[in-house]
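> Sequence plus the predicted model coming up.
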Amino acid sequence: MFSTRLLFTIVASLLLLWLIIAYIALPHWWLHHEKLHPALENAPTLTATSAGIPGDPLNLFIIATETELAASLLESGWHPADPVTLKTSLRIAEDAVLGRPYAQAPVSPLLLFGRHQDLAFEKPHGTSPRERHHVRLWRAPQTDSQGRIAWWGAATFDRSVGLSHDTGEITHHIAPQVDHERDLILTDLKSAGFANISWRDAFQQPSGKNGGRDPWQSDGKLGIAIRHRAAE
């Protein structure tokens with residue numbers, strides 16, 4: 001038979017477990033999930049080219065104003081890309097051939113939500129625009145209950161200039177390890193004051209090919225960076 005002392009210990013332990021679950025664990029779980037931005041629901045995973053071909057994979061989700069996001073990237077050594085014009089296109093082609101730096105070289109457009117990227121930033125690698133870290137960013141159509149703005153990002157590394165395997169156009173070819181670029185930007189954003197860095201597992205496919213038919217690989221995680229925590 002159970003002794004009174006043992007029975008009391010069991011009842012007290014169960015009561016303590018209930019208190020922890022009811023007043024600590026579950027409120028924390030709900031607080032976390034209620035703060036997930038609505039743009040993450042039914043989220044896209046890939047960009048597209050203007051021809052409708054799957055483009056670079058999405059691997060970043062950033063909650064910040066445009067000013068906060070741009071300032072943080074600038075602080076971390078990123079440069080806003082020049083618009084694609086005849087002049088900038090000729091310059092990037094010339095600088096790539098001659099090995100001259102062009103820190104604001106234009107970035108080709110990709111589509112998300114039926115529109116080209118809203119922002120594009122790059123960080124030079126070496127002395128030529130043939131190689132560079134870069135990220136395209138699209139503002140999400142939704143804000144959350146507190147009006148917070150969210151951005152989807154596709155971060156990749158341009159390893160060379162060549163011809164698209166689909167269209168034959170001159171394009172950059174990306175390195176396959178897109179997670180390295182995602183992690184680089186998250187590290188830079190954290191250093192620039194982003195308070196909360198987290199992950200969504202099993203978001204992305206483990207591999208694929210972009211619009212230039214360049215293969216890419218991923219651990220499938222979506223990097224989430226939040227400039228300010230939601231109000232309690």
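Nice, I can see it. Residues are numbered from 1 along each chain as shown.
> Report the central residue of this structure.
residue 60 (1.3 Å; CA atoms, centre = their mean).
> hey, what's the residue nearest to it when sequence neighbours are not counted bridged with?
Take residue 60 and drop its neighbours on the chain: the residue closest to it by CB to CB, 6 or more residues apart in numbering is residue 153, 3.2 Å away. Just so you know, the C-beta spots here come from the backbone N, C-alpha and C atoms, and that holds for glycine as well. Applying DSSP bridges to residue 153 gives these bridge partners: residue 60, residue 137.
> dump the residue contacts of residue 153.
58-62, 135-138, 185 (CB atoms under 8 Å, 6 or more residues apart in numbering).
> And the furthest pair within those?
Taking CB to CB, the two most distant members of the contacts of residue 153 are 138 and 185; they sit 14.7 Å apart.
> Quick check on these two: which one has the bigger neighbour count.
Each of residue 138 and residue 185 has its neighbours counted (other CB atoms under 10 Å); residue 185 has more, 25 against 22.
> List the residues that contact that one.
60, 73, 135, 153, 155, 223, 225 are the contacts of residue 185 under CB under 8 Å, 6+ apart.
> Now with 6 Å, please.
135, 155 (CB atoms under 6 Å, 6 or more residues apart in numbering).
> Please report the number of neighbouring residues for residue 211.
Residue 211: 25 neighbours (other CB under 10 Å).
> Check what pLDDT it gets.
Turning to residue 211, the model gives it a pLDDT of 87.
> Likewise for the one 4 residues further on?
At residue 215 the predicted local distance difference test score is 95.
> Distance-wise, check it relative to residue 134.
Using CB to CB, to the nearest Å, we find residue 215 at a distance of 18 Å from residue 134.
> Give me the more crowded residue out of these two.
Between residue 215 and residue 134, counting by other CB under 10 Å, residue 134 is the more crowded of the two (27 against 11).
> Could you pull out the strands in the protein for me?
46-48, 54-57, 60-63, 79-80, 111-112, 115-116, 119-124, 132-139, 150-163, 170-174, 196-200, 207-209, 215-217, 222-226 (DSSP state E).
> Each with direction, which strands does the second one pair with?
Within its sheet, strand 54-57 is paired with strand 46-48 (antiparallel), according to DSSP bridges.
> Off-centre distance for the strand it pairs with?
Taking CA atoms, centre = their mean, to the nearest Å, one finds the center of strand 46-48 at 13 Å from the center of the full chain.
> Averaged pLDDT, it. What do you get?
On average, strand 46-48 scores 97.
> pLDDT score assigned to the residue nearest to the centre of the chain?
So residue 60 comes in at 98 (pLDDT).
> try residue 33
45.
> so what's residue 191 closest to, chain neighbours aside?
residue 76 (6.4 Å).
> Do I have it right that that neighbour meets residue 193?
No. Residue 76 sits out of contact with residue 193 when judged by CB atoms under 6 Å, with a separation of 10.3 Å.
> Those two: which is more packed in?
More crowded of residue 76 and residue 193, by other CB under 10 Å: residue 76, with 17 against 13.
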